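> Pasting a predicted model and its sequence here:
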Amino acid sequence: MNRSVRRAIAGAALAGCASIGLAAPAWAAGSNGAATLSGIKGKAASAISARLSSLSTAIPAVDSNKWLTATDKTTLLNTLTADRSGLTALGPKIQADTTVAQARTDYQSVFLDYRVYALALPQVRLAAATDDITSGVLPRLTDAQSRLTSLLSGPDSAKNTAAVQAAMSDLAAKIQAITSATSGLSATILALTPAQYDANHTVLAGPRETIFSARADIVAARADVETVVGALK
Amino acid sequence: MISLRSAAFSATLAAAALLVAGCGASHATSPTSSPGVAQSSPSTAPSSAPPSAPAVTAVAAPVGNSTDQAGQIAAVESDLTAATAASSQAQTDVDAAAAAQAENDSP
């Protein structure tokens, strides 16, 4: 979902709150309980500054990340730079707002339209974690499996005991499980939008659990490799 | 004492020169040998050289011999090290994602 659509949704949500007489949230309240324009502007400036700082750190880190695939890197950089541009433009707009209602709507959009901390930066890290596994772990485990298979079917066939066979079988199963779990996962993570997060704050829980599960399989696969290597030495 | 030490130092220099000459000769005749491995005169090898270092040969080892097996296992262990490093990085990334989400992102 693009930013303008998300902004429209945020504005509609805020208008809905106003129309049914909901109390102003704490951020908008002055010392007497009423929202003040200067108070909103001050909080907005602080919130935007913090996010721009975080984005300025994240963008070069993504660019230099050696595990991210080229496709994921491009997607992430597009998202992060768009967020940076949007927030950079939003700052002066809020400072130029002349009514509390305008400022309130724009302030809300700092959060609802971007979700820098709740979604964008976690997306970067979870996609990187996925690519760590698909680009860094899986090729190595597969190579180890291939080498061990060659040794066990050739010069070390006498050492291919039942325990070794069980470890090799488990290694194959774990590699398959890791492959299946992480296939398409980074694309799924990167496709999530702030609007989806706003509708469901647990949208990243599933991908995170999948990565945890894959890591558990990696630990087991490494143990399998160590078992076989130990038997061959 | 000084003269004794000078004599010992001279002898060491001479031995070192012999070793360098030996290495040069082996490189000239055996381009596939590893640098620093004395082949023509094992008795002059430096004491730091591992006594069980495998013999270097210009002849290709047949597939399946002990050297090849050792190489394969070393490659597997290298795979394991690299996989472990990448897996650790994945955990670091997951932790960082959680840290980002711990920041307040609501008005």
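Nice, thanks for sending it over.

> Low-confidence stretches in chain A?
Applying pLDDT under 70 to chain A flags residues A:1-34.

> can you map out the helices along it?
Using DSSP state H, the helices found in chain A span residues A:3-19, A:37-64, A:70-96, A:100-112, A:121-131, A:138-153, A:162-182, A:185-190, A:194-199, A:205-232.

> what's the most buried one of these?
Comparing the helices of chain A by mean neighbour count (mean count of other C-beta atoms under 10 Å in any protein chain shown), helix A:121-131 ranks first with a mean of 28. C-beta coordinates here come from the backbone N, C-alpha and C atoms, glycine included.

> how about the residues of chain B near chain A?
Neighbours of chain A within chain B, by C-beta under 8 Å from any C-beta of the partner chain: B:63-65, B:68-69, B:72-73, B:75-77, B:79-80, B:82-87, B:89-91, B:93-94, B:96-98, B:100-101, B:103-107.

> Now list the buried members of the residues you listed.
By neighbour count, with 16 or more other C-beta atoms under 10 Å in any protein chain shown, these hold B:69, B:72-73, B:76, B:79-80, B:82-84, B:86-87, B:89-90, B:93-94, B:96-97, B:100-101, B:105, B:107 as buried.

> contact partners of stretch A:200-212?
By C-beta atoms under 8 Å, 6 or more residues apart in numbering or on different chains, the list of residues contacting stretch A:200-212 from outside reads A:118-119, A:122-123, A:126, A:129-130, A:133, A:181-182, A:185, A:188-189, A:192, A:196-197, B:90, B:94, B:97, B:101.

> Please repeat the previous calculation with a cut-off of 6 Å.
A:122, A:126, A:129, A:181, A:189, A:192, A:196, A:197, B:94 (C-beta atoms under 6 Å, 6 or more residues apart in numbering or on different chains).

> How is chain B divided into domains?
Chain B breaks down into these domains under automatic domain parsing: B:1-57, B:60-107.

> These: lowest mean pLDDT?
If you rank the domains of chain B by mean pLDDT, domain B:1-57 sits at the bottom with a mean of 35.

> Show me what residue of chain B gets nearest to chain A.
Minimum separation of chain B from chain A (C-beta to the nearest C-beta) falls at residue B:86, amounting to 2.7 Å.

> who's in contact with that residue?
Here residue B:86 is in contact with A:132, A:136, A:137 (C-beta under 6 Å, 6+ apart).

> what do you get if the cut-off is 7 Å, keeping everything else the same?
By C-beta atoms under 7 Å, 6 or more residues apart in numbering or on different chains, the contact set of residue B:86 is A:67, A:132, A:136, A:137.

> tell me the phi and psi of it?
Note on residue B:86: its backbone torsions stand at phi -70, psi -40 [degrees, to the nearest 10].
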